[in-house]
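J.: Next input, structure requested:
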Amino acid sequence: MVWLLNVHAVFAIENGKDTLHSNVLKEFVDENVEYAILSHRWGDEVNHDEMSKLKTMTKEERDKVREHEGYGKILKSCKQAANDRLSWLWVDTCCIDKRSSSELSEAIRSMYRWYENSKRCYAYLHDVERRTFPTKQDKERYKNSNGWPELFSRGWTLQELIAPADVQFFNKEWISLGSKQKHASTLHEITRIPESVLKGTLSPGQVCVAQIMSWAADRQTTRVEDRAYSLLGLFGVNMPMLYGEGRKAFQRLQLEIIRVSNDQSIFAWDPNGRIRRTGLVLADDPSYFRDCHDVRMVGPGDFIKILRKQLHFDKRTIPPQWGPASAQQLHKYTVTNGGIEICLPLTPYRDFPTIHRATLACTQGEGALLTIDLESRGSNYYRSYGATNVSEEIPNFSDLYLACHRDPKCCNITLDEGTLRHYSFTRCGAFPPVINGDCVALSSLTIDLIVLVYSSAKVKARFAVGLGYYFDEQWVHVVCDDAGDSESWSEDYAKKVYAQLWNARIKLANPMPQEQHRLIWSPYRPETVCYIKHAHLPRSICAAKIIFGEWKQGYTTVTIDVGQCTGCCYGPLKWRTTVNATDCFPMSGLLKMDSAYRYGHWLLVDGTGVQFLECTAQKIELGDYGHWDHGSETFKCDGNIFDDLKLLPDTPGIDAANSAYREVERMVSNFHDGRDEMGDLIKTFTGLSSRPALALHRPIGLSLPTSQHLVLLLKALSTRLTGKYLVTTVVRCAAYYVADPNSEWTEKNESGECAPLESRLPSITALYDIAQPQVWRRDTADKERKELFKKIREQFYVLLNVHPPATVESGSDSAVSKIFSEVELLIGGSTAWK
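T.: Below is the predicted model of the structure:
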């Protein structure tokens, strides 16, 4: 059923005549009445309620309705319908009661039929002022619609152009501009719709899916769901309207098309590799089909013939499975809960065992059969790009399940760039520019690769970091600036690196290396596997260091740092594995020491399990640093970072008076919440019979702050304290004793005095926790590279003895001297070369 406007009733109301015996709107079966229909761009319109009450309104109310821009269009359309001897008119703004969701859904499903059954369609070009139909693109006049009238850029008007047999165009002043048949050639240029379809000699049902999608590729709708709903009639399918589902609507549309069609061109989106999206085999929106305007579907018999011709087969080499039955099987596929079940001929790639080239039963123009790359992941095949070197094997017909259901997984990355400032490096660009502060969200359905650029004018170096997400694999890669790129803009450099990494992401997305070691597992204190990538920066003594944290429930942290390079660093861009065990305190890259686990005491600090070492003979303070004596299995203190802080008065970002370095007090408890009657006694847990627990009286925990100021301090001390360990947390108490029947209280304070137990302050450091800051770790030299540099150095010395440098005055450095000093520094040898 359809609501139609009574043309004569509208005129009667407008002329002030009696309309008691005729309604403005009347409901019909559209096949039983002749009517005109309007195609237009919405503006200030009149709705269904206003038009239905028009004849009963007061003059003031009616005048208010007349002020709407849409009312003028209705009057002009009625006048044109009367001239065409049509008594009824359909206008979408007032002939659908949008207050009723069921009526709106029915209208959307029926709209193509309503336009198809209309006697004449009036296409109103509101932005055309001339008396002739536009025949040339004019981007100045039509800035927001690609140089053509806006009607041709809207999603709903596509079916309004195709479905009616008779379409008449009118300009802004309702002057006739001619018919669809008359301007078919120009309309083809504007819309890419074949002239045969516009003239009615070819129905849309005879055109392949990909080509119809291409007609809608550049059209826009106010609601994202309407990009799918506006195409229902063109494909002859129905599905529920679910406004609010977003881009899922287009996925559902494709699945409905697959259920009623065997047209494989629906998988042929992006044939020219313009988008290069990986993941689900279904397109995200019609724009993915922009280059499919000349795609043609191929029948089963022709498919085998064309494939044989492409592969240069003769009758003797045709595989036995390539019979007529196989050809028919290719055109049968179904949608299941496991994916789209389909049979396709696959050809493997030599260098990528999980990726195959699938040949589809469609061509582009008169060319070869179209192909897509599919990557096997578990039981499904996903769309892929970037593989090279396909084998010359005969394609093998395979039954597949194509992934078509949206994967909700994504990767949320937090960037830690706190230590970059020490070498004056800053983030200076990103592509695409979608980063929000220090957070990056990656997904195969949206953004699956972002490139960040970092540079330093002081060091005169630049590098880029690529963060990617490919088939549930998160990957990170570093690209160092080449000599020819240093002068280019950061955005241009980011785009160049983006293209480079995009083409290589299949290899880059290989799983991270397996852990080389792990600390003893504990249910109370989780460990995090970290991967470190070291990349030397050309023309400098620095290296970019990327620390990629373990991905947990879609979240991870990537630390980007710059440090001095040994010169014999690991081979280019090689990942190494380590373990980050920071007791859940958000310190920057602290790595727990393995030995502590054999001698530790467990306590809960702010509810987090922490394993401490016991203070024995030496006095330990928060911020102490030193080395681990493997002979005595003890920590040897060499100094304190807060004492060294006073020696760095001129270091940027370092201020000894800043409260950001102040210690953080934390609550200490045991795992079983065991306390004495006074509630002041806490016992540690060791888990080893050979190591008795400690009973602590009134303990408190003190830890280093988590501020960026502390991180910069650690960075400033990194050159001198390479390889050292740091006391990150201590437990102080008023007194403590070994949980043994014969033990006594250790109750002297720092002054060596004793006081009554109930009045003592927690001034005794009983336990401490150590870790090695990531910024204090020095990359070990690669043996092969070090040996190679040693040979090069020896050859330099031989050449130097044969051709000694020019004599220079005593105490001065020659250019050769400077060069060799830099060479020695880079290769890890002595800086003296003379």
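J.: Pull up the gap between the closest residue in space to residue 170 that isn't next to it in sequence and residue 75, please.
T.: Distances taken as Cβ to Cβ, 6 or more residues apart in numbering place residue 124 nearest to residue 170, at 5.4 Å, with adjacent residues excluded. Any C-beta I mention is one placed from the backbone N, CA and C, and that applies to glycine too. Residue 124 is 12 Å from residue 75, where distance means Cβ to Cβ, to the nearest Å.
J.: quick one: which of these two has more around it?
T.: Shown here are residue 124 and residue 75; by other Cβ atoms under 10 Å, residue 124 has more neighbours (21 against 15).
J.: is it true that that one touches residue 39?
T.: Yes. With contacts counted by Cβ atoms under 8 Å, residue 124 reaches residue 39, the gap being 6.9 Å.
J.: and for these two, which residues touch both?
T.: Residues touching both residue 124 and residue 39 (Cβ atoms under 8 Å, 6 or more residues apart in numbering): residue 151.
J.: helices and strands around the host helix or strand of residue 306, which ones?
T.: According to DSSP states H and E, residue 306 maps onto helix 300-310. Under the contact definition 3 or more Cβ pairs under 8 Å, 6 or more residues apart in numbering; DSSP states H and E, helix 300-310 sits against helix 324-330, strand 355-364, strand 369-377.
J.: Low-confidence ranges, the stretch 51-200 of the chain, go.
T.: Across the stretch 51-200 of the chain, nothing is flagged by pLDDT under 70.
J.: For it, which segments are assigned as helices?
T.: Listed in chain order, the helices of the stretch 51-200 of the chain (DSSP state H, counting those that start in this stretch) span 59-66, 69-83, 101-117, 157-162, 184-191, 195-198.
J.: Any chance you could give me the first one in PDB, C-alpha atoms only?
T.: As requested, the backbone C-alpha atoms of helix 59-66 are provided in PDB (Å, rounded to 0.1, in the frame of the first residue of the first chain):
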ATOM      1  CA  LYS A  59      -5.300  30.100   7.700                       C
ATOM      2  CA  GLU A  60      -2.400  30.900  10.100                       C
ATOM      3  CA  GLU A  61      -1.400  27.300  10.400                       C
ATOM      4  CA  ARG A  62      -1.600  26.800   6.600                       C
ATOM      5  CA  ASP A  63       0.500  29.900   6.000                       C
ATOM      6  CA  LYS A  64       3.100  28.500   8.300                       C
ATOM      7  CA  VAL A  65       3.200  25.200   6.300                       C
ATOM      8  CA  ARG A  66       3.500  27.300   3.100                       C
END
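J.: and the angle for that helix with helix 69-83?
T.: Going by axes from the mean of the first three to the mean of the last three Cα atoms, to 10 degrees, helix 59-66 is angled at 90 degrees with respect to helix 69-83.
J.: what does the longest one give?
T.: Between the direction of helix 101-117 and that of helix 69-83, the angle (the same axes, to 10 degrees) works out to 40 degrees.
J.: then helix 101-117 to PDB, C-alphas only?
T.: What follows is helix 101-117 as a C-alpha-only set of coordinates in PDB (Å, rounded to 0.1, in the frame of the first residue of the first chain):
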ATOM      1  CA  SER A 101       8.600   2.400  12.300                       C
ATOM      2  CA  SER A 102       6.700  -0.400  10.500                       C
ATOM      3  CA  GLU A 103       5.500   2.000   7.900                       C
ATOM      4  CA  LEU A 104       8.900   3.400   7.400                       C
ATOM      5  CA  SER A 105      10.400  -0.100   7.000                       C
ATOM      6  CA  GLU A 106       7.700  -1.100   4.500                       C
ATOM      7  CA  ALA A 107       8.300   2.100   2.500                       C
ATOM      8  CA  ILE A 108      12.100   1.500   2.300                       C
ATOM      9  CA  ARG A 109      11.500  -2.100   1.100                       C
ATOM     10  CA  SER A 110       8.900  -0.900  -1.400                       C
ATOM     11  CA  MET A 111      10.400   2.300  -2.700                       C
ATOM     12  CA  TYR A 112      12.200   0.800  -5.700                       C
ATOM     13  CA  ARG A 113       8.900  -0.700  -6.800                       C
ATOM     14  CA  TRP A 114       7.000   2.500  -6.300                       C
ATOM     15  CA  TYR A 115       9.500   4.400  -8.500                       C
ATOM     16  CA  GLU A 116       9.400   1.500 -11.100                       C
ATOM     17  CA  ASN A 117       5.600   1.600 -11.200                       C
END
